[in-house]
Each structure stands twice: as C-alpha cells, then as structure tokens.
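Q: Pasting the sequence and the predicted model now:
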Amino acid sequence: LAIFVYMKMTTGQQMASQPTQEGMPDMAKMMKVMIYLSPLMMLFFFNNYASGLSLYYFISNAISIGIMLVIKNYILDEDKIHAQIQVNKKKPKKQNRFQKKMEQMMEQAEQQKQAQQKRKK
C-alpha cells in the first residue's frame, strides 16, 4: 500500500505535465499501468528476502510520503509562487553576449538576403 501511494504521489504530477509525442506510445497509459503493477512486483520480490528489507522499504516510503505531504501542505505557498512567476514574466529579459552576437549575426544574414533579392530584381 505504501509503495502504491508513493508511486501515485510522485508520478501523478509528471503524467499531467508530459505532452503526447507523435510516433511514441502513450506514456500516460504506461505509467498508469506501472503504478498498479510495481507494488505487485515488489510484493513478489520482497517476499523472498529478509523481513528487515521489507520493513526498511516500507518505513522509507512512509517517511518520503510524510515529507512530501508536509512540504506540499505547509511549506510551499502555491499562490505566492504563482504571483512571483507572473512578476518575473513581466520583467524584460536580459541578453547575454552570446545571444547578442547571435542576434547581430541573424540581422546581418537578413540584410544580405534582402540585398541579394534586390539584385535579382
């Protein structure tokens, strides 16, 4: 159960954010199958090993779930983060030297292309 809850929490956000790619199998469906299949596989794997390993894996997943819930519910303020993102979107972007040089080269290429078109006419 702990493995299932942990997989559901960690992969739920990733599945929603992944766009579908043409020519690739639907990853969301595959991830959904893995969410249900991996706890069953772990049950068979850990059934043959010492009980300490199963206990360790259970405690590790339980602690990870607890940490994620505390961070999500008490530490992160999604409204504040969203407001900060909106403010950062409105700020003008600074260009580094490479970007400035590339822009100059693109402008020169455009000017040369226009000059060639004028000569052809």
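A: Perfect, I can see it now. Numbers count the residues shown, from 1 in each chain.

Q: other SSEs contacting the host helix or strand of residue 41?
A: Remark: residue 41 resides in helix 27-47, with elements defined by DSSP states H and E. Applying 3 or more Cβ pairs under 8 Å, 6 or more residues apart in numbering; DSSP states H and E, one finds that helix 27-47 contacts helix 2-17, helix 51-70. C-beta coordinates here come from the backbone N, C-alpha and C atoms, glycine included.

Q: mind listing what's buried in that helix?
A: Using 16 or more other Cβ atoms under 10 Å as the burial criterion, the residues of helix 27-47 that qualify are 35, 39, 42, 46.

Q: tilt between it and helix 51-70?
A: With axes from the mean of the first three to the mean of the last three Cα atoms, to 10 degrees defining the directions, helix 27-47 sits at 140 degrees from helix 51-70.

Q: Might you calculate how far helix 27-47 sits from the centre of the chain?
A: Mean-position distance between helix 27-47 and its chain equals 20 Å (Cα atoms, centre = their mean, to the nearest Å).

Q: now swap in stretch 66-82 and tell me
A: 17 Å.

Q: Can you show me the CA trace of it as PDB?
A: C-alpha atoms of stretch 66-82 as PDB (Å, rounded to 0.1, in the frame of the first residue of the first chain):
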ATOM      1  CA  GLY A  66       5.200  12.300   5.000                       C
ATOM      2  CA  ILE A  67       7.900  14.700   3.900                       C
ATOM      3  CA  MET A  68       6.100  15.300   0.600                       C
ATOM      4  CA  LEU A  69       2.800  16.000   2.300                       C
ATOM      5  CA  VAL A  70       4.400  18.400   4.800                       C
ATOM      6  CA  ILE A  71       6.300  20.300   2.100                       C
ATOM      7  CA  LYS A  72       3.200  20.400  -0.200                       C
ATOM      8  CA  ASN A  73       0.700  21.500   2.600                       C
ATOM      9  CA  TYR A  74       2.800  23.600   5.000                       C
ATOM     10  CA  ILE A  75       6.000  24.800   3.400                       C
ATOM     11  CA  LEU A  76       5.100  25.700  -0.200                       C
ATOM     12  CA  ASP A  77       2.700  28.600  -0.800                       C
ATOM     13  CA  GLU A  78       1.400  28.000  -4.400                       C
ATOM     14  CA  ASP A  79      -0.300  31.300  -4.700                       C
ATOM     15  CA  LYS A  80       2.900  33.200  -3.700                       C
ATOM     16  CA  ILE A  81       5.000  31.100  -6.200                       C
ATOM     17  CA  HIS A  82       2.400  31.800  -9.000                       C
END
